[in-house]
Structure formats: C-alpha cells, structure tokens
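Undergrad: build me a model:
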Amino acid sequence: MTDQKVLIIDDDRLMRNSLVDLIEAAGWTTKALARATDAERWIDQFQPDVILSDVRMPETSGLDLLKSLSAAPPVVLISAHGDIPTAVDAMNNGAYSFVEKPFDPKRLLLILSHAAENYQMQQSNLRLKERLRELSGVDRILLGQSPQMHRLRDMIAMVAGANSAVLVRGETGTGKDLVARMIHDLSSRCDGPYVAVNAAQITAANLPHIAHKASGGTVLLDEIGACPPDVQPVLLRMIDTGEVLPVDQGGPEQIDLRIIAATNEDTDAAVKAGTLRADLIYRLDGFSIDLPPLRERRDDIALLATRFRQEFATQYDCVPPPLEEDELSALMAHEWPGNVRELRNLMDRRVMMARHGMTVPQDTALDTKPGDTHKTGLRTAVAAFERQMIGKALHAHGGRMEDVAHELGIGRRTLNEKIVKLGLDKNALL
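TA: Numbers count the residues shown, from 1 in each chain. Now for the predicted structure:
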C-alpha cells in the first residue's frame, strides 16, 4: 500500500470513475473532480502528490489549468485527442507527462508513481532546508552566499534525510562538529541523543558504553584517523551487524544509532600508511561531505566578518566597530590556516579592543601563506593584496587604465597613485 494521493480531473463520469477504481486498487488515495475550475481549492485542501487531468473539458481545459498553476504538484495530462503539437505544448508548459487514451493501466500507474515520488522528495528537501535555516548556530560557520556554501547547505539537507553513515572532511576550523550536529538535528533522530567523542580516546571496552549512550540518536567519531588500530575491527563489526559485545555480559546486544565520522586528514594516505583500515572507511563513507576552506570562498569573508562583529558587539554590549578598507583588504589577502574559527576569534579581539577604545595595531600578525613563519603587518598585507589585484587587472585589460579603474571600482587618479606607491612596473605586467 502507498500513502500517495492523486487529484483526478475529468468531465467524463465513466472515465472519472474508471480512473478512481484503477488508482485506488493500486493503494492510492484519490479525489475526483468533474471540472478544473475547482482544482485550486482542492489542491490546497487535499494536498495531492500528483494531478491527473483530462485535456479537453468545458470552461477550463487541462492545458489552461496547467498554465494557471504555480508551485503545484506535477501534472499528468490525459486525452483521447492527443497529438504531437498538444503533447509538445503540454510539456513546454510544465506537464510532467502526457498520456493518450486508450492507455496502458500499468504505464499510467508507473508515471503517476514516479511523478509523486519526485514531488515528495522535493517537498522533503524544502522542509529540511527550512529547518536548516531555522537552526540556531547555523550562521556561526555556515553563513555565506558563495556557491560552495549553497552546495554545502543543500548537501546537508539531503544527507539528513537518510540513515547512512556520513564522513565529514575538512581542515581545522571549518566546522565539522557543527555540520555533524546539524545533520542530527535535521534528521528523524533529532529527538534522540547526540554524542560526540574523540576517536583517539575510544577503547574496545568503552565502545559499548558510547553506543548505548547514543542509542536512538547519532554519534560523532571526531578525528577518525586517530582511532586506535585495535578498536577499528570492533567498530567495523558494530557498523556491519548493528551489535555490540558488552564486556562480561553474555551475547551481543542490538544498538540503534547513526554514525558520523569527521577528519582533517587525508584518509587515502592514512589507509596507505596502514593506520586506518580501508574497509572501515568504506563503511563510514556512505555519504561524503567536504567542507571548503575559507581561502576558497573569499567572497564570504566580508559577510562573515560583519556577522561576527555584530555577534560580539551584542555579547559585549557595545557598538560594532566599522571595518576599515585597509582591514578588509588585509582579511581578503590572508590565507586563513585556521579557517572560519580563526576569523571569528580575530573579530572577537577586534570588538573587544574597540570596546576599550583601542585601535587596531599596524603590526597585527596575519600569515600571507599557510605555514609561512614570516609575519606581516596590516599595511604590508594590504599592499600585497592591492599589488596582486591591480597587476591582474592591468594584464586582463591590456593596460587600459580606464577599464582597470572601472573594474577595481576606483578613480583613474587613485589608480595612478597606487601604481606609483606600490612600485608596479606597468610594462612588465602586460
């Protein structure tokens, strides 16, 4: 049996009754209408997963109905007068499918089933995305309008609806624990416990305790690459069988939990090095989520910095300090080895300094490259960033100063002054 619902619209009473009998015999719930003018009211009231409508009807045709509906379930049109132009018109106006009478009952049911399943999946994703937006703490790390962040939020919403294991990869500070928590909060296990443990601290003895503690919910195995070798086969067995073996307590016990693993390591390298079992990673990698480092989504830096300044200003009961142009340029030039966490901590210090009337020191240390031990001040970082931006623009526009100034959003005179100040050789860049 199915819980899918179809709204049937056909002015022919015999055909309408025949469709109701056929579709209800397949386990569907139906609502049948004799005219399309009543459709919108019943769509709101009946909440169908698919609409099956005749094309030629008095007052409002099936094609007219299709064109008038917005954000409605998929529409399957059926007609004894079907021809290629009508079918093309129907599909161009958003029909899910077009079926001619006489029709094959099995084919019609299959089309309706596929249409309803697609619609239900779309609705489920929309609900998950809405819950994702409402979750407290989402903005802390998942704030951003870059394509990478849109894909990440969509991936989280999709994965949350499944029950498979998830492997979250990302550098330090990208928000792996928050993503894992969001997957739990968006899932059907949201009312169950969420237990986060450091995989390096798991032993074969305490694994049953962890499993029981997380029963009905989700367990996050953070830094899975550090899981002790002797624990990995025990963990693998637990994933494969859904059972744990309590110490000195007889036979195996069933457990019900979802596992999310997180790591900032290269798991392939760990497998090759023999520190991580390949079969364990295969089991944990039901879904993979890769968190983008901040340096790969620089368009989000200003947005994140602004949000963090507002957050800490509220916390410290003060006015958010303005983000000066030199500061923003330095932030944009920085490589962010600590990712969003590093930016958030920096904005914390920035607001605290402003609250106490302190200005940003010119020797504020920001690495220009990951692992570079040479520290540069804000002015040096700004100069490096401006030199890079102006150089690229000069090269891209063949030295045409008006075009370069327009791209950079500055005046021609300002551009000339910056070229001189930065010691740029215009000819060498072309």
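Undergrad: residue at max distance from the center of the protein?
TA: L14 (48.0 Å; C-alpha atoms, centre = their mean).
Undergrad: shouldn't it be within a helix?
TA: Yes - counting by DSSP: H, G, I helix; E, B strand; the rest coil, L14 is found in a helix.
Undergrad: for it, give me the pLDDT.
TA: Per-residue confidence at L14 stands at 90 (pLDDT).
Undergrad: not counting its neighbours along the chain, what's nearest D230?
TA: A204 (6.3 Å; C-beta to C-beta, 6 or more residues apart in numbering). Every residue, glycine included, has its C-beta placed from N, CA and C.
Undergrad: which residue ranges make up each domain of the protein?
TA: Using automatic domain parsing, the domain ranges for the chain come out as 5-125, 137-292, 295-360, 381-429.
Undergrad: and after the helix or strand M332 falls within, which helix or strand comes next?
TA: Under the criterion DSSP states H and E, the helix or strand holding M332 is helix 325-333. Using DSSP H and E, the helix or strand that follows helix 325-333 in sequence is helix 339-355.
Undergrad: okay, now the unreliable bits of this protein?
TA: 1-2, 70-71, 81-84, 125, 127-141, 247-250, 359-385, 428-430 (pLDDT under 70).
Undergrad: mind listing the strands for it?
TA: 5-9, 29-33, 50-54, 75-79, 97-100, 166-169, 194-198, 218-222, 243-244, 253-254, 258-263, 287-290, 366-367, 375-376 (DSSP state E).
Undergrad: now those as JSON lines including mean neighbour count?
TA: Below are the strands of the chain laid out as JSON lines (neighbours: other C-beta atoms under 10 Å):
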{"stretch": "strand 5-9", "mean neighbour count": "24"}
{"stretch": "strand 29-33", "mean neighbour count": "17"}
{"stretch": "strand 50-54", "mean neighbour count": "26"}
{"stretch": "strand 75-79", "mean neighbour count": "24"}
{"stretch": "strand 97-100", "mean neighbour count": "19"}
{"stretch": "strand 166-169", "mean neighbour count": "24"}
{"stretch": "strand 194-198", "mean neighbour count": "16"}
{"stretch": "strand 218-222", "mean neighbour count": "23"}
{"stretch": "strand 243-244", "mean neighbour count": "18"}
{"stretch": "strand 253-254", "mean neighbour count": "12"}
{"stretch": "strand 258-263", "mean neighbour count": "24"}
{"stretch": "strand 287-290", "mean neighbour count": "16"}
{"stretch": "strand 366-367", "mean neighbour count": "18"}
{"stretch": "strand 375-376", "mean neighbour count": "16"}
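Undergrad: between those, which one is nearest to L303?
TA: strand 366-367 (18.7 Å; C-beta to C-beta).
Undergrad: before we move on, the earlier item: now tabulate the strands of the chain in JSON lines and tack on distance to H209.
TA: Converted to JSON lines, those look like this (distance: least, C-beta to C-beta, whole Å):
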{"stretch": "strand 5-9", "distance to H209": "45"}
{"stretch": "strand 29-33", "distance to H209": "46"}
{"stretch": "strand 50-54", "distance to H209": "48"}
{"stretch": "strand 75-79", "distance to H209": "53"}
{"stretch": "strand 97-100", "distance to H209": "54"}
{"stretch": "strand 166-169", "distance to H209": "22"}
{"stretch": "strand 194-198", "distance to H209": "10"}
{"stretch": "strand 218-222", "distance to H209": "11"}
{"stretch": "strand 243-244", "distance to H209": "9"}
{"stretch": "strand 253-254", "distance to H209": "12"}
{"stretch": "strand 258-263", "distance to H209": "15"}
{"stretch": "strand 287-290", "distance to H209": "27"}
{"stretch": "strand 366-367", "distance to H209": "42"}
{"stretch": "strand 375-376", "distance to H209": "46"}
